[in-house]
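Chemist: Quick one, what's the 3D model for this:
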Amino acid sequence: MNRYSFKFSWLITFQLIILISFVNSVSFVESFNADFGYLMQSNSQKQGSIRESQLKIVNEWKYLDFEYPTFVERQRAIMNGLAKNRSWRVTNYNFAPNPVASDFKIYGLNFQWLDGVFGMSISYDHQSKQRVLYFHPMASFKEFIVSTELLLTESLWEINSQDNAQYFFSIGDRGYNGQSSSSGIARNGVMFYTQVHRDNIGCWDTAKPYTRANLGMLLDPDVSSTFIQFPNDLKVDEGETQSVWIMSNRLPIYLYSQLDYSEINFRILRGDVNMIINSTICNPANVYGNGSKSAIVSIEEGQCY
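Modeler: Okay, here's the model as predicted:
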């Protein structure tokens, strides 16, 4: 069993430990969410593709539904126009893994994962007045942005798709050991993302520049090193009071060492969006020092490549 098939079989193979308490009295409960999509056209896929993340968007006219599945080993995304039963392939060099960030040293283990585009989240950018897609490869320290209008215009990807590369931007980096798998954005504009190397969950208010001073951590590092180990998956739900759902599964230990079944190896966690960011820089009520509200910025901050 490889690490991709493990992700889909963990619920059957192992007993889950469901927690009833959380730091700052946020409750954790069990969740299971299955995604269902349409059968993608064969010309949009390549042999050996591993489907990793999926997002859905309905445009403002409510007549065309798109989904964005990514393929971690093939470094691309597929646009699926569900209403018209169409799909097309989107490629960009920023989908590729960063070799430096592909080297993982976790729990005394050293391994290399060349995982491409992995985490995706959609938000509305008030400056450009359009929806944007934030994304990052798992083997990367950086975050990127692109307009969803570009992705959803099929004709732009039929010929000369290389011309579209100039519209994918890097907005900043999370620093060394800042690799992230999944991410999601709440209605208040706050992005949550996993920090697999740091055993933590990061957050960012998308109305503020993507600088490290504006990137928060939700857990005390002295606590999270044992409380959450390898937070692999994250989802922001659409409830009236939104919650962040996290799966922690010690996947590297399972793959390259031996799990201790006398310990808690798997956790499904839930935290109230507003409660967990209340005292962090990610709280939209905490205004950035220079008053800037733009998320599309160019930084020179000792960038991690």
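Chemist: Could you measure from residue 119 over to residue 108?
Modeler: Per C-beta to C-beta, to the nearest Å, residue 119 is found 26 Å from residue 108. Any C-beta I mention is one placed from the backbone N, CA and C, and that applies to glycine too.
Chemist: how about low-confidence regions in the stretch 151-300 of the chain?
Modeler: Under the criterion pLDDT under 70, the flagged ranges of the stretch 151-300 of the chain are 223-225, 288-300.
Chemist: for stretch 87-99, which positions count as buried?
Modeler: Within stretch 87-99, the residues that count as buried by 16 or more other C-beta atoms under 10 Å are 87-92, 94-98.
Chemist: Secondary structure and distance to residue 256 for those residues - can I get that in CSV?
Modeler: Putting the buried residues of stretch 87-99 into CSV (DSSP: H, G, I helix; E, B strand; the rest coil; distance: C-beta to C-beta, whole Å) gives the following:
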residue, secondary structure, distance to residue 256
87, strand, 36
88, strand, 37
89, strand, 33
90, strand, 33
91, strand, 31
92, coil, 31
94, helix, 29
95, helix, 26
96, coil, 24
97, coil, 19
98, coil, 21
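Chemist: Of those residues, just say which sits nearest to residue 263.
Modeler: residue 97 (30.9 Å; C-beta to C-beta).
Chemist: Can you name the residues that contact that closest one?
Modeler: By C-beta atoms under 8 Å, 6 or more residues apart in numbering, the residues touching residue 97 are 75, 113-116, 137-140.
Chemist: Helices of the stretch 101-250 of the chain, start to end?
Modeler: Applying DSSP state H, counting those that start in this stretch to the stretch 101-250 of the chain gives helices spanning 148-152, 221-227.
Chemist: Deepest in the core, which of those helices is it.
Modeler: Neighbour counts (mean count of other C-beta atoms under 10 Å) averaged over each of these peak at helix 148-152, with a mean of 19.
Chemist: Against residue 285, how distant is residue 176?
Modeler: Residue 176 is 30 Å from residue 285, where distance means C-beta to C-beta.
Chemist: When these two are compared, which one has more neighbours?
Modeler: residue 176 (12 against 8; other C-beta atoms under 10 Å).
Chemist: So that one is in contact with residue 140, correct?
Modeler: No: assessed by C-beta atoms under 8 Å, residue 176 is found out of contact with residue 140, at 11.7 Å.
Chemist: Of the helices of the stretch 101-250 of the chain, which is nearest residue 207?
Modeler: helix 148-152 (18.1 Å).
Chemist: Packing partners of that closest one?
Modeler: In terms of contacts (3 or more C-beta pairs under 8 Å, 6 or more residues apart in numbering; DSSP states H and E), helix 148-152 is packed against strand 76-81, strand 130-137.
Chemist: Each with direction, which strands does the longest one pair with?
Modeler: Paired neighbours of strand 130-137 in the sheet (DSSP bridges): strand 117-125 (antiparallel), strand 142-147 (antiparallel).
Chemist: Reformat these as JSON lines; add mean neighbour count, distance to residue 194 and mean pLDDT.
Modeler: Formatted as JSON lines, these follow (neighbours: other C-beta atoms under 10 Å; distance: least, C-beta to C-beta, whole Å; pLDDT from 0 to 100):
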{"stretch": "strand 117-125", "mean neighbour count": "21", "distance to residue 194": "8", "mean pLDDT": "88"}
{"stretch": "strand 142-147", "mean neighbour count": "21", "distance to residue 194": "13", "mean pLDDT": "96"}
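Chemist: Could you dump those into JSON lines with distance to residue 243 added?
Modeler: Shown next, in JSON lines, are the strands paired with strand 130-137 (distance: least, C-beta to C-beta, whole Å):
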{"stretch": "strand 117-125", "distance to residue 243": "15"}
{"stretch": "strand 142-147", "distance to residue 243": "23"}
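Chemist: Please name whichever of those is nearest to residue 247.
Modeler: Residue 247 lies closest to strand 117-125 among the strands paired with strand 130-137, at 13.9 Å (C-beta to C-beta).
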